[in-house]
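Trainee: for reference, the sequence and a predicted model appear below.
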Amino acid sequence: MKIVQPPYKIGLYTMMSHKHDNVKAKNRLKLLNQTPQVWRKDGLNSCSYKALSVQRLHLYVNVTVDVGKPSISRDIKLGAPR
């Protein structure tokens, strides 16, 4: 896949102003600081999936995957609602 910069008129955007949430920023930094301790067991490095489709469009690539169903024991461990 080739990465290119879109023409100025297509790639131009203006961000809307909004109030920043300091609580979210603090939690984000806490999570980022924990990365060296948890990355081996967070599940992202051992995730398995089946690619269902790949659509290459002008501005992005849409990848649809099937990650399967979670096991019952995993739901209980994570405190998921039943």
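Mentor: Arrived safely, thanks for sending.
Trainee: pull the number of nearby residues for residue 52.
Mentor: By other CB atoms under 10 Å, 9 other residues sit near residue 52. From N, CA and C alone the C-beta is placed, and that goes for glycine too.
Trainee: pretty sure it sits in a strand.
Mentor: Yes - membership of residue 52 in a strand is supported by DSSP: H, G, I helix; E, B strand; the rest coil.
Trainee: ok, it - contacts?
Mentor: Contacts for residue 52 (CB atoms under 8 Å, 6 or more residues apart in numbering) come out as 64-66.
Trainee: quick one, phi psi at residue 32?
Mentor: Backbone torsions for residue 32, taken as degrees, to the nearest 10, come to phi -60, psi -40.
Trainee: burial measure for it, as a count.
Mentor: Residue 32 sits with 9 neighbouring residues when counted by other CB under 10 Å.
Trainee: tell me where the protein has strands.
Mentor: 50-56, 61-66 (DSSP state E).
Trainee: nearest to residue 5, of these?
Mentor: strand 61-66 (16.2 Å; CB to CB).
Trainee: what pLDDT, on average, does stretch 38-50 get?
Mentor: Stretch 38-50 shows a mean pLDDT of 80.
Trainee: ditto for stretch 7-18
Mentor: When pLDDT is averaged along stretch 7-18, the result is 81.
Trainee: most neighbours of all the contacts of residue 52, which one?
Mentor: residue 65 (13 neighbours).
Trainee: please name the nearest non-neighbouring residue to it.
Mentor: The spatial neighbour of residue 65 that comes closest, neighbours along the chain excluded (CB to CB, 6 or more residues apart in numbering), is residue 49 at 4.3 Å.
Trainee: residue 10 too?
Mentor: Nearest residue to residue 10, sequence neighbours excluded (CB to CB, 6+ apart): residue 59, at 7.6 Å.
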